[in-house]
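Visitor: test case, fold it:
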Amino acid sequence: MDDQHNMNIPPLAREVKAKAEARGFTMSCDNLTGQLLRGLIASKPHARILELGTGAGYSTAWILEGMDQASTLTTVEYDEELVAIARSTIQDERVAFHVCDGAVFIEQQLAQRYDVIFADTWPGKFNLLEETLSMLKPNGLYIIDDLNPQPNWPEGHGDKVHALIEYLDQRDGFHRIKLDWSTGLMILTRI
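Guide: All right, here's what the predicted structure looks like:
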C-alpha cells in the first residue's frame, strides 16, 4: 500500500502551498497529516474546530475540505504575513481567522468548547496544554504533529517533545493513539 498515492490534495491547499513557498515559508504540515485531518474532521458533523497555528493556511485548507456546512473553524496565528496568505486564498464563511498570540487566545477563550483541536504551534501543545485540553468537549479529538525528529528542530527541542509525549501518556481522561507515521502524530480522545 502506498500512502502517498491518490491523496486528492485540496485545490486550496495546493494554492496556499505555492504562495507560502514563494515567500519562503516551508513549515506547513505534510500531506499525510492533512489527509488525516480531513478524514477525522469528516467524522465530526456540526463540529466546532480550533486550529492553533494557522501558518499560511495549508492545514486549514485540508480541515475545511473535511468539514460539513454546519461546522465552524477558528484558526489562530500570530504572524500577520502568513495569515494574509491564508485569507487571500481561503474565503469561506465557516472559518474565522484570528491574528494574535495563541497563548493570549487560549487564556481569553477558556470557556469555549471544541469538538476538535489541532495544535500545531507552541501554545496549546507545549504551553498552556492543560488549558487547551480543558477546552475539548467529551468525545472530542486533540491532535498534534511533528513528534518525530525534524530537521528544523532547535537544539534541545527533542527533550521537550519527549517530555510532552511522556506527560500525555500519563494523562487521565483520554484514549491515546500514537502514530509513528508522517511527522509523528498523537491523537487524544476525551473520555
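Visitor: where along the chain do the strands fall?
Guide: In the chain, the strands defined using DSSP state E lie at 48-52, 72-77, 95-99, 114-119, 136-144, 174-179, 185-190.
Visitor: OK, contacts around the residue nearest in space to the middle of the chain?
Guide: The residue lying closest to the centre of the chain (CA atoms, centre = their mean) is residue 118, at 3.0 Å. Counting by CB atoms under 8 Å, 6 or more residues apart in numbering, residue 118 touches 37, 49-53, 59, 63, 143-144. All C-beta atoms are positioned from the backbone trio N, CA, C, and that covers glycine.
Visitor: and it, how far from residue 36?
Guide: Residue 118 sits 10 Å away from residue 36, taking CB to CB, to the nearest Å as the criterion.
Visitor: find residues that contact each of the two.
Guide: In terms of CB under 8 Å, 6+ apart, residue 118 and residue 36 are both contacted by the residues residue 143.
Visitor: wait, residue 145 sits on residue 125?
Guide: No - Residue 145 is not in contact with residue 125 according to CB atoms under 8 Å; the separation is 9.3 Å.
Visitor: looks like residue 94 contacts residue 67 (just checking).
Guide: Yes - assessed by CB under 8 Å, residue 94 is found in contact with residue 67 at 6.1 Å.
Visitor: between those two, tell me which one has more neighbours.
Guide: Set residue 94 next to residue 67 and count neighbours by other CB atoms under 10 Å: residue 67 wins out with 22 against 15.
Visitor: now the more buried one, nearest residue through space, not along the chain?
Guide: Among residues not flanking residue 67 along the chain, residue 41 sits closest, at 5.6 Å (CB to CB, 6 or more residues apart in numbering).
Visitor: what pLDDT does that neighbour get?
Guide: Residue 41 is assigned a predicted lDDT (pLDDT) of 98.
Visitor: quick check: the gap between it and residue 139.
Guide: Distance of residue 41 to residue 139, given as CB to CB: 14 Å.
Visitor: quick one: which of these two has more around it?
Guide: residue 41 (25 against 11).
Visitor: the more buried one and residue 60 touch, don't they?
Guide: No - using CB under 8 Å, residue 41 makes no contact with residue 60, being 11.1 Å away.
Visitor: neighbours of residue 71, how many?
Guide: Residue 71: 21 surrounding residues under other CB under 10 Å.
Visitor: next up, the contacts around it.
Guide: Counting by CB under 8 Å, 6+ apart, residue 71 has contacts 41, 44-49, 94.
Visitor: out of those residues, flag the one nearest to residue 185.
Guide: For these, the minimum distance to residue 185 (CB to CB) is 14.4 Å, reached by residue 41.
Visitor: and residue 63, how far from residue 149?
Guide: 25 Å.
Visitor: who has more neighbours out of the two?
Guide: Between residue 63 and residue 149, counting by other CB under 10 Å, residue 63 is the more crowded of the two (28 against 11).
Visitor: for residue 68, give me its contacts.
Guide: 42, 45-47.
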